[in-house]
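1. The following comprises the amino acid sequence and a computationally predicted model.
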Amino acid sequence: MERTVHCAADPDAVAREVADRVLHLLAEAQAAHGDASVVLTGGTVSRTVHATLAQHADDERVDWSRVDFWWGDDRYVPSDDADRNAGQAWEDLLQDLPVDPERIHAMPAEDDEYDSADAAAWAYGQDLRAAVPDGAPWFDVLMLGIGPDGHCASLFPDHAEVESDADVLAVHDSPKPPPTRISMGMPTLQRAAHVLFVATGEEKADAVARSVDGDELTRTPAAGPRGLRSTEWYLDEAAAAQLRD
């Protein structure tokens, strides 16, 4: 399994590199088996990545109508809340692509049909199990951010969710607001063919170094997800400042 660190001058350059890599991997997947799947993430830099990808709506390398879109986590808030990862991805990316609405798998919101975050997480896990292929990577591409504390998706250091074996789970005590979220579990985050971490800024440098070095999961959840074929870190110079030579 290939592990590679890419360092660019600034966040915009990082976003361009990530977008180009995602396009390449999706095209490669479609050439191999017709369809492709990508797990989207949240955060400031991801919004730039999504907006950059949207500029490639007419790129003939990818048939966007045959791409499945999933989310690694989302906030369990009303569907029209501006902080929803799904809403931001729609605004920045999906509304500009010729996608199949049936292939957009947003995580449930607080005002959906479920009576709790736990029930919503279980239902998303069921949908996921029904959609992914047996005996193969569940996703072609999985994008993740890295928090300054080392969290990824909504799996936080020293929280029990990091060690859960659930495909998808509710998070009730997030140290970042809002406190209630839905997240893919670590076993699911380890079932992608290609994992792309994206991080910028000097406040991420220590957590990035721990992720690359493979720190203990309870201390650095971002040390856990690894692609079955490749794992890559896309960083700006500030976020890469503490990496070992």
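-> Done, it's in.
2. Output the below-cut-off pLDDT ranges for this protein.
-> The model of the chain has pLDDT under 70 over residues 1, 245.
3. all strands of it, in order?
-> 2-8, 36-40, 67-71, 73-75, 139-145, 168-171, 181-184, 192-199, 230-236 (DSSP state E).
4. residues contacting the residue nearest to residue 172 when sequence neighbours are not counted?
-> Of all residues not flanking residue 172 in the chain, residue 180 sits nearest, at 5.7 Å (C-beta to C-beta, 6 or more residues apart in numbering). For the C-beta atoms, the positions are set from N, CA and C on the backbone; glycine is no exception. When contacts are counted by C-beta atoms under 8 Å, 6 or more residues apart in numbering, residue 180 touches 75, 76, 77, 110, 117, 170, 171, 172, 174.
5. Return the closest of those residues with respect to residue 151.
-> Nearest to residue 151 among the contacts of residue 180: residue 174, at 9.0 Å, using C-beta to C-beta.
6. What's the local residue count around the residue nearest to that closest one when sequence neighbours are not counted?
-> Spatial nearest neighbour of residue 174, excluding adjacent residues (C-beta to C-beta, 6+ apart): residue 181 at 5.4 Å. Using other C-beta atoms under 10 Å, residue 181 has 27 neighbouring residues.
7. Start at 18, not 1
-> Let's use 18 as the start, then, which means that last one is residue 198.
8. hey, what's residue 198 bridged with?
-> Listed by DSSP bridges, the beta-bridge partners for residue 198 are residue 92, residue 188.
9. quick one: buried residues of the helix ranked longest in the chain?
-> Longest helix in the chain, counting residues (DSSP state H): helix 28-50. Applying a neighbour-count criterion of 16 or more other C-beta atoms under 10 Å, one finds 28, 30-36, 38-40, 42-47 buried in helix 28-50.
10. Enumerate every residue touching the nearest residue to residue 157 once chain neighbours are set aside.
-> Spatial nearest neighbour of residue 157, chain neighbours left out: residue 46 (4.0 Å); criterion: C-beta to C-beta, 6+ apart. Contacts for residue 46 (C-beta under 8 Å, 6+ apart) come out as 52, 53, 54, 157, 158, 210.
11. Need the residues you listed in a markdown table (columns: distance to residue 102).
-> Listed next are the contacts of residue 46 as a markdown table, based on distance: C-beta to C-beta, whole Å:
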| residue | distance to residue 102 |
| --- | --- |
| 52 | 23 |
| 53 | 20 |
| 54 | 17 |
| 157 | 19 |
| 158 | 16 |
| 210 | 22 |
